[in-house]
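K.L.:
Below: sequence and its predicted model.
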Amino acid sequence: MADTVDFATDLVAEQLEHGIRAARAPIPVGEPGECEDCFEQMPRLVNGRCGYCRDGRGPRGRAS
């Protein structure tokens, strides 16, 4: 019969496996230019968008 410690151990193992998979994911090559969404000049664009716009933070950390 599994107890709380067993569940916690399984959860930690799953999280560790997920973290390892995420760390192995390839990082897309970026290039400098103007973001297609916020029109800011950025040192690294991926698929034409800056990091702020790709993850929903808006340009330079402002809310979109």
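P.N.:
Alright, I've got the coordinates.

K.L.:
make it CA atoms for all contacts and neighbour counts henceforth
P.N.:
Noted.

K.L.:
tell me which residues of the longest helix seen in the chain are tucked away?
P.N.:
What stands out as the longest helix in the chain, according to DSSP state H, is helix 4-24. For helix 4-24, burial by neighbour count (16 or more other Cα atoms under 10 Å) applies to no residue.

K.L.:
what pLDDT, on average, does that helix get?
P.N.:
Taken as a whole, helix 4-24 has an average pLDDT of 95.

K.L.:
SS state for Pro28?
P.N.:
With DSSP: H, G, I helix; E, B strand; the rest coil as the basis, Pro28 sits in coil.

K.L.:
ok now do it, which residues does it touch?
P.N.:
Val46 (Cα atoms under 8 Å, 6 or more residues apart in numbering).

K.L.:
for this protein, which residue is closest to the average position?
P.N.:
Asp55 (7.1 Å; Cα atoms, centre = their mean).

K.L.:
tell me the phi and psi of it?
P.N.:
With angles defined as degrees, to the nearest 10, Asp55 sits at phi -100, psi 10.

K.L.:
Quick check: it vs Asp37, distance?
P.N.:
12 Å (Cα to Cα, to the nearest Å).

K.L.:
again with Ala23
P.N.:
Distance of Ala23 to Asp37, computed by Cα to Cα: 27 Å.

K.L.:
Near Ala2, how many other residues are there?
P.N.:
Close neighbours of Ala2, defined as other Cα atoms under 10 Å, add up to 6.

K.L.:
Next, it: secondary structure please.
P.N.:
coil.

K.L.:
wait, what's in contact with it?
P.N.:
With Cα under 8 Å, 6+ apart, Ala2 has no contacts at all.

K.L.:
what does Asp37 give?
P.N.:
Contacts of Asp37 (Cα under 8 Å, 6+ apart): Arg49, Cys53.

K.L.:
Then the one 5 residues further on?
P.N.:
Residues in contact with Met42, defined by Cα under 8 Å, 6+ apart, are Pro32, Gly33, Glu34, Cys35, Cys50.
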